[in-house]
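Asks: return a 3D structure for these sequence lines:
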Amino acid sequence: MTRINRWWVKGFEAGSLRNAAIAAAYATAIFASLLAGVTRKGDAWLTRTMVAILETIAGAAVWGSIAFLLRGAALCLREAFAQAGRLADEFSPAEPMRRLEPDDGRRGGLEALEASYRHTLSCTESTPPVGKEAPVNPRIASKSIRGGSLHGPLIGRACLCMLAFASLSLQAQHYPERPVRIIVGYPPGAPVDTVARIVSEKLTARWDQPVVVENRTGANGIIGTEAVANALPDGHTVLFTPPSLVINPLLYPKLPFDSSQFVPVTLIAAFPNILVVHPKVSAANVQELIAFARANPDKLNYASPGSGSSPHLTAELFKMMAGGLRITHVPYKGGGPMLTALLAGEVEMMFFNPAGVLPYIRAGRLKALAVLSERRIASLPDVPAMSEVLPGLVSVTWWGAVAPPKTPMPIAEKLSAAIAEALKQPDVAKRLADLSADPIGNSPAEMAAFLKEEAGRWGGIIHSVGVKLD
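Replies: Numbers count the residues shown, from 1 in each chain. Got it, this is the predicted structure:
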């Protein structure tokens, strides 16, 4: 009782009602666990005790939200059962009681829930098959014979697992609780920025919460991606990205984040790249462009939105498959500046997605020589597919949404469903169709599988072309 009183007083000394409430829950849970361990009144009694504890805490939760209270209570219960279980085992004549100290490995509520949930899963996965006898741990068996109770730790973990699921479900149910940021690693006017703003309008109307697009440009999307990697994993920060998410790790040996740790949300749309040239280029088709480049090495320049971007890799693949053309690469800081440079005649050609170039093709300010899909597209029926000239040269790219690492899956699924619903709306579908983009809106699990396939595909292209960046 002395230690329990010390933890109770510690909550009041902190000067915070929240700390006092958590300290009370902590002390009550320890007392209940010890009582169960000593009296051995069974799992049902302890379960009812735990329900009563949680109801008491919830009734006193006038100072905070229900979701936060459950997370805090779960953290307290995790620590309480971890310590109470050990202490209950030592209520036997064979062993003296050790001094019980607060857990110095304490972590944040969300990380504690995740760690405990993983531990619970590992325990369940180690359960032997039906019909086979589980191996006996001599130490545990001896303690059980001496009278030590094992009810506390096992039931504590089960309760904590249920609390974790309940907390995450409540968190997703109330999501979003504040404005949501969509981070785009490219300048305003870039195609991925355009689609982000289309989706943000629909999400704002659906949630009655502001959904704003924030541009963090530079380094082929690395700056924006890093910002999302360091954001809170609560679903209120989302990254809209082209394939650079999977391409950058294949080109840059050291990145300030691990791309594989992002939580997939949904694949927004897919579309083919288009080969366009400035009107000053005399070539009227791909064959004439290849002939001109062979006769005039290093005279043509092609633009890209950055080194390592899909237009850059597509251009290098085109040069290789056309027989080793010598065309100079000129990288820009995003699709907007790249497009401006081509329209101004600073460069002669580029590969880009339909969203950025279709208006200028229709206005006669750019010439489309080929679409890099397996077949022609409806928006440019007179433009041949590149595979008609160079079989096998296909470059289909995409836009996707991912959340920061450790974002709870219920939140990712809710965000995915909201984006998918927005993509189904007639006005959004029409705007994407005008850009020759096919809306997708798949699930987080489906996008995870897709990202794995894309990493393998672009890795093969990078290896074939031999692109290396510092």
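Asks: wait, Tyr332 sits on Ser304?
Replies: Yes - if you go by C-beta atoms under 8 Å, Tyr332 and Ser304 touch, sitting 6.9 Å apart. To be clear about C-beta, it is placed using only N, CA and C from the backbone, and glycine gets the same treatment.
Asks: any idea how the protein splits into domains?
Replies: Split into domains by automatic domain parsing, the chain comes to 2-97+109-122+146-173, 180-269+399-460, 272-397.
Asks: worst average pLDDT in the ones you listed?
Replies: If those are sorted by mean pLDDT, domain 2-97+109-122+146-173 sits at the bottom with a mean of 47.
Asks: Glu446 against Leu267, yeah?
Replies: Yes - between Glu446 and Leu267 there is a contact under C-beta under 8 Å: 7.4 Å.
Asks: neighbour-wise, which of the two wins?
Replies: Leu267 (24 against 15; other C-beta atoms under 10 Å).
Asks: give the bridge partners for that one, please.
Replies: Gly400 (DSSP bridges).
Asks: who are the neighbours in contact with it?
Replies: Trp398, Trp399, Gly400, Ile440, Gly441, Asn442, Glu446, Met447, Phe450 (C-beta atoms under 8 Å, 6 or more residues apart in numbering).
Asks: and Leu317, by the same measure?
Replies: Leu393, Ser395, Ile461, Ser464, Val465.
Asks: for the first one, what is the enclosing helix or strand?
Replies: Yep, that's Leu393 we're talking about. Using DSSP states H and E, Leu393 sits in no helix or strand.
Asks: repeat for Phe351
Replies: Going by DSSP H and E, Phe351 is part of strand 349-352.
Asks: list the buried residues for that strand?
Replies: Buried positions in strand 349-352, judged by neighbour count with 16 or more other C-beta atoms under 10 Å: Met349, Met350, Phe351, Phe352.
Asks: doesn't His278 make contact with the first one?
Replies: So the one you mean is Met349. Yes - judged on C-beta under 8 Å, Met349 makes contact with His278 at a distance of 7.2 Å.
Asks: overlap in contacts, those two.
Replies: Common neighbours of Met349 and His278 (C-beta under 8 Å, 6+ apart) are Leu342.
Asks: dump the buried residues of strand 349-352 to CSV, plus distance to Ile222.
Replies: Converted to CSV, these look like this (distance: C-beta to C-beta, whole Å):
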residue, distance to Ile222
Met349, 26
Met350, 21
Phe351, 21
Phe352, 20
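Asks: apply the buried test to the contacts of Leu267 and list what passes.
Replies: Trp398, Trp399, Gly400, Ile440, Gly441, Asn442, Met447, Phe450.
Asks: do you know how far the spatially closest residue to the fourth one that is not a sequence neighbour is from Leu275?
Replies: What sits nearest to Ile440 in space, not counting adjacent residues and going by C-beta to C-beta, 6 or more residues apart in numbering, is Leu267, at 4.5 Å. With distances taken as C-beta to C-beta, to the nearest Å, Leu267 is found 24 Å from Leu275.
Asks: repeat for Ile327
Replies: Taking C-beta to C-beta, one finds Ile327 at 12 Å from Leu275.
Asks: ok, residues contacting the strand or helix carrying Gly456?
Replies: Using DSSP H and E, Gly456 falls within helix 444-465. By C-beta under 8 Å, 6+ apart, the surrounding residues in contact with helix 444-465 are 243, 245-247, 249-251, 263-267, 310, 313, 316-317, 320, 398, 400, 402, 409, 412-413, 416, 442.
Asks: pull out the buried positions in it.
Replies: Across helix 444-465, burial judged by 16+ other C-beta under 10 Å covers Pro444, Met447, Phe450, Leu451, Glu454, Ala455, Trp458, Ile461, Ile462, Val465.
Asks: now the angle between helix 444-465 and whatever helix or strand Met320 lives in, please.
Replies: Element membership for Met320, per DSSP H and E: helix 310-321. Interaxial angle of helix 310-321 relative to helix 444-465 (axes from the mean of the first three to the mean of the last three C-alpha atoms, to 10 degrees): 40 degrees.
Asks: please export the C-alpha coordinates of helix 310-321 as CSV.
Replies: C-alpha atoms of helix 310-321 as CSV (Å, rounded to 0.1, in the frame of the first residue of the first chain):
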residue,chain,number,x,y,z
SER,A,310,9.9,8.7,-64.3
PRO,A,311,10.2,11.1,-67.3
HIS,A,312,14.0,11.1,-66.9
LEU,A,313,14.1,7.3,-66.7
THR,A,314,11.7,7.0,-69.6
ALA,A,315,13.8,9.2,-71.8
GLU,A,316,17.0,7.2,-71.0
LEU,A,317,15.2,4.0,-71.8
PHE,A,318,14.0,5.6,-75.1
LYS,A,319,17.6,6.6,-76.0
MET,A,320,18.9,3.1,-75.2
MET,A,321,16.2,1.2,-77.2
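Asks: so after it, what's the next helix or strand?
Replies: strand 328-331.
Asks: ok, that next one: who's next to it in the sheet?
Replies: Using DSSP bridges, strand 328-331 pairs in its sheet with strand 301-304 (parallel).
Asks: residues in contact with the strand it pairs with?
Replies: 311-312, 315, 327-332, 338, 341-342, 346-351.
Asks: rerun that using 7 Å as the cut-off
Replies: With contact meaning C-beta atoms under 7 Å, 6 or more residues apart in numbering, strand 301-304 is reached by 311-312, 315, 327-332, 338, 341-342, 347-350.
Asks: who wins on neighbours among those residues?
Replies: Tallying neighbours with other C-beta under 10 Å puts Met350 at the head of the contacts of strand 301-304, with 30 neighbours.
Asks: was I right to think that residue contacts His312?
Replies: No - look at Met350 against His312 with C-beta atoms under 7 Å: they stay out of range, at 9.6 Å.
Asks: got the buried residues for stretch 207-218?
Replies: Under the neighbour-count criterion of 16+ other C-beta under 10 Å, stretch 207-218 has Val211, Val213, Asn215, Arg216, Thr217 buried.
Asks: out of those residues, which one sits closest to Lys424?
Replies: Within those, proximity to Lys424 (C-beta to C-beta) peaks at Val211, which comes in at 17.4 Å.
Asks: joint contacts of Tyr332 and Ser304?
Replies: Met338.
Asks: Gln173 and Ile411: what is the separation?
Replies: With C-beta to C-beta as the criterion, Gln173 and Ile411 are 10 Å apart.
Asks: repeat that for Leu232.
Replies: For Leu232, the distance to Ile411 equals 11 Å [C-beta to C-beta].
Asks: which of the two has more neighbours?
Replies: The residue with more neighbours, out of Leu232 and Ile411, is Ile411; 22 against 11, by other C-beta under 10 Å.
Asks: how about the more buried one: what's its closest non-neighbour residue?
Replies: Gly235 is the one closest to Ile411 (C-beta to C-beta, 6+ apart), at 3.8 Å.
Asks: now for that neighbour: which residues touch it?
Replies: Tyr175, Pro176, Ala403, Thr407, Ile411, Leu415.
Asks: which ones are touching the fourth one?
Replies: Contacts were defined as C-beta under 7 Å, 6+ apart; by that measure Thr407 touches Pro233, Gly235, Val263.
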